[in-house]
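**Student:** Sequence first, predicted coordinates after that:
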Amino acid sequence: MEKEYFSGVEKVNYEGPTSKNPLAFKYYNPEEVIMGKTMKEHCRFAMSYWHTFTYRGNDPFGGTTIYRPWDESEDAMEIAIERVHAAFEFMDKMQIPFFCFHDVDVAPRGNTLAQTNERLDRIVAVIKEEMERTGIKCLWGTTNAFGDDKFVHGAGTSCNATVFAYAAAQIKKALEITKELGGENYVFWGGREGYETLLNTDTGLELDNLARLMQMAVDYAKEIGFDGQFLIEPKPKEPTKHQYDFDTATVLAFLRKYNLQDYFKLNIEANHATLAQHTFQHELNQCRINGVLGSVDANQGDPMLGWDTDQFPTNVYDTTLAMYEILLAGGLTKGGLNFDSKVRRASFEESDLFYSYIAGMDTFARGLKVAAKLIEDRVFEDFKERRYASYSEGLGKEIVDGKVGFKELEAYVLENGVTKNTSGRQELLESLLNQYIMETR
Ligand code: XUL
Ligand code: CO
């Protein structure tokens, strides 16, 4: 029997909205069926290995505030192994069915690539055992090609070709272990893929190279039979002043320019959306209409701050509109809701991990339920149908069907003029949304 790290906590179960138990779900009822699927199937919740098991509270002004009992050994590999046991105990108790990881989250970097890879193999074997024991699965793997000092000028976009090569080698290994763990997706987040100043940057070459790196990943995945979905995670800034994968629209243009559109979908993070001055819903909406919704990094930012705070999502308004887009898109399929969220550095006790995940899972569960009701009742759909009705017949239909051009349209207007516009009814719709958020049972 392994050491028990969270001995004060039993399995977290659903107790319903009237429960006063802080270690119970109030809204997330895994087996409850909504629109033909269980909540568990809809949400596909995942734990982020980095924020949950390696974050120690450091910020630019201060060091560690979070001391975990699984981090006590002098030996980095022993810590890594204990972390695996603690992580699976946590997910099991929290009923979280998936995890996401970077290579460096699970095993400490070695002095050489060969040593790093050997360490990864040792840890992957332990993770596999825990996956078998618990039934917990891997949602996605990724590479940390941004933290180490060699990536100072970027990884795939580095001006140094040998650093590009190192990034490729690191991704190769990360793909292999993600496959080994049955990962359903593989994520590219362009940590340092961006620029600080255009005075020293060849953006054309850097973007071409980034595409080359991604094409190599696609080719290698085929070669080793990795059939997970590739995802790109947009972010507009931080750590670089300008990140190349700015937002959904920018990533789509990149994929289409380099003919990668058949191999990639997007991983949308709420806090990245707001840093790009979009709402979370906007980014999901753009993925939906372009058929590229892959997965979600669930968190929230602070609207008052201009950086990535990665807070646990507790805003029901936002999760309702997010789940609304996700349901309309046909669900998360291979993706999931990965809590790319971290406890505040002052929430340093182990119990805070449970409280924060419960808050996040309940907030999404509630959002799911409200969104499903909105869709079932066609609250916005009926309104939109009426709003665009002029395109379903007559002149509008001819526009949509491509049957008319400028000359015909001019002739139409000269003869008939323009009909009266009607109200957009924004305030009425917002108040209906509030009513659904407050009254859905
Ligand atoms: C950084 C971020 C990453 C990615 C994975 O802002 O979101 O943690 O999700 O590299
Ligand atoms: Co993220």
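**Tutor:** Great, that's in hand. Ligands and ions are numbered 1, 2, ... in the order given.

**Student:** tell me the strands in this structure, going along the chain?
**Tutor:** Assigned by DSSP state E, the strands in the chain fall at 33-34, 37-38, 45-48, 98-102, 137-142, 185-188, 194-195, 229-232, 242-243, 264-269, 293-297, 337-339.

**Student:** need those in a markdown table with distance to Asn111 and mean pLDDT, can you?
**Tutor:** In short, each C-beta sits where N, CA and C put it, glycine included. Shown next, in a markdown table, are the strands of the chain (distance: least, Cβ to Cβ, whole Å; pLDDT from 0 to 100):
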| stretch | distance to Asn111 | mean pLDDT |
| --- | --- | --- |
| strand 33-34 | 51 | 98 |
| strand 37-38 | 47 | 98 |
| strand 45-48 | 27 | 99 |
| strand 98-102 | 19 | 99 |
| strand 137-142 | 23 | 99 |
| strand 185-188 | 26 | 99 |
| strand 194-195 | 29 | 98 |
| strand 229-232 | 30 | 99 |
| strand 242-243 | 30 | 98 |
| strand 264-269 | 32 | 98 |
| strand 293-297 | 32 | 98 |
| strand 337-339 | 31 | 99 |
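
**Student:** As TSV, the ones you listed with mean neighbour count and distance to Asn434 would be great.
**Tutor:** Formatted as TSV, the strands of the chain follow (neighbours: other Cβ atoms under 10 Å; distance: least, Cβ to Cβ, whole Å):
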stretch	mean neighbour count	distance to Asn434
strand 33-34	15	21
strand 37-38	14	26
strand 45-48	26	26
strand 98-102	26	32
strand 137-142	25	33
strand 185-188	24	35
strand 194-195	22	39
strand 229-232	22	33
strand 242-243	19	35
strand 264-269	26	25
strand 293-297	27	24
strand 337-339	26	24
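
**Student:** Export these as TSV, with columns for distance to ligand 1.
**Tutor:** TSV is the format used below for the strands of the chain (distance: least, Cβ to the nearest ligand atom, whole Å):
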stretch	distance to ligand 1
strand 33-34	27
strand 37-38	26
strand 45-48	7
strand 98-102	6
strand 137-142	5
strand 185-188	6
strand 194-195	12
strand 229-232	10
strand 242-243	9
strand 264-269	5
strand 293-297	5
strand 337-339	8
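
**Student:** how about those strands, which one is nearest Leu414?
**Tutor:** strand 293-297 (43.7 Å; Cβ to Cβ).

**Student:** Any idea how far that closest one is from the middle of the chain?
**Tutor:** Computed by Cα atoms, centre = their mean, to the nearest Å, the chain-centroid distance of strand 293-297 equals 5 Å.

**Student:** what helices or strands is it leaning on?
**Tutor:** strand 185-188, strand 229-232, strand 264-269, helix 270-275, helix 280-290, helix 316-328, strand 337-339 (3 or more Cβ pairs under 8 Å, 6 or more residues apart in numbering; DSSP states H and E).

**Student:** Say whether ligand 2 is contacted by the second one.
**Tutor:** If I follow you right, that is strand 229-232. No: applying Cβ under 5 Å from the ion, one finds strand 229-232 out of contact with ligand 2, separated by at least 10.3 Å.

**Student:** That strand pairs with which strands?
**Tutor:** strand 185-188 (parallel), strand 264-269 (parallel) (DSSP bridges).

**Student:** before we move on, back to that, now the helices and strands packed on strand 293-297 as CSV including distance to Lys11?
**Tutor:** Formatted as CSV, those follow (distance: least, Cβ to Cβ, whole Å):
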stretch, distance to Lys11
strand 185-188, 27
strand 229-232, 31
strand 264-269, 29
helix 270-275, 28
helix 280-290, 30
helix 316-328, 24
strand 337-339, 18
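
**Student:** can you tell me which of these comes nearest to Pro69?
**Tutor:** strand 337-339 (21.4 Å).

**Student:** just to revisit the earlier point, relative to ligand 2, which of the strands paired with strand 229-232 is closest?
**Tutor:** The closest of the strands paired with strand 229-232 to ligand 2 is strand 264-269. By Cβ to the ion, the value is 4.3 Å.

**Student:** mind saving the C-alpha coords of the closest one as CSV?
**Tutor:** Coordinates of each C-alpha in strand 264-269 appear next as CSV, following Å, rounded to 0.1, in the frame of the first residue of the first chain:
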residue,chain,number,x,y,z
PHE,A,264,-5.0,20.4,-36.1
LYS,A,265,-7.9,21.6,-33.9
LEU,A,266,-7.8,24.2,-31.1
ASN,A,267,-7.5,24.1,-27.4
ILE,A,268,-9.3,27.2,-26.1
GLU,A,269,-8.3,28.6,-22.7
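
**Student:** Now stretch 38-55: buried residues?
**Tutor:** Neighbour-count burial for stretch 38-55 flags 39-40, 42-55 (criterion: 16 or more other Cβ atoms under 10 Å).

**Student:** now that stretch, how far from the centre of its chain.
**Tutor:** 10 Å.

**Student:** Phi and psi next, for the residue of the stretch 101-250 of the chain found nearest ligand 2.
**Tutor:** Closest approach of the stretch 101-250 of the chain to ligand 2 (Cβ to the ion) occurs at Glu233, with a separation of 5.4 Å. Per-residue torsions, Glu233: phi -110, psi 110 (degrees, to the nearest 10).

**Student:** What's the local residue count around it?
**Tutor:** 22 (other Cβ atoms under 10 Å).

**Student:** tell me the contacts of it?
**Tutor:** Glu233 makes contacts with Val187, Phe188, Trp189, Gly190, Asp245, Leu266, Asn267, Ile268, Glu269, His272, Asp297, as judged by Cβ atoms under 8 Å, 6 or more residues apart in numbering.

**Student:** What of Gly191?
**Tutor:** Here Gly191 is in contact with Asn144, Ala145, Phe146, Gly147, Phe151, Ala155, Pro239 (Cβ under 8 Å, 6+ apart).

**Student:** beta partners of the most centrally placed residue in the chain?
**Tutor:** Taking Cα atoms, centre = their mean as the criterion, Asp297 is the residue nearest the geometric centre of the chain, at 2.2 Å. Under the criterion DSSP bridges, Asp297 forms beta bridges with Glu269, Asn338.

**Student:** residues of stretch 391-401 that come out buried?
**Tutor:** Those would be Leu395, for stretch 391-401 by 16+ other Cβ under 10 Å.

**Student:** Run the chain-centre distance for it.
**Tutor:** Per Cα atoms, centre = their mean, the centroid offset for stretch 391-401 relative to its chain is 38 Å.

**Student:** Same check on stretch 140-158?
**Tutor:** 19 Å.

**Student:** Could you do stretch 355-368 as well?
**Tutor:** 15 Å.

**Student:** okay, how far is it across stretch 395-411, tip to tip?
**Tutor:** 12 Å (Cα to Cα, to the nearest Å).

**Student:** do stretch 374-393 as well
**Tutor:** Per Cα to Cα, the first residue of stretch 374-393 is 27 Å away from its last.

**Student:** I'm done for today, thanks for sticking with me.
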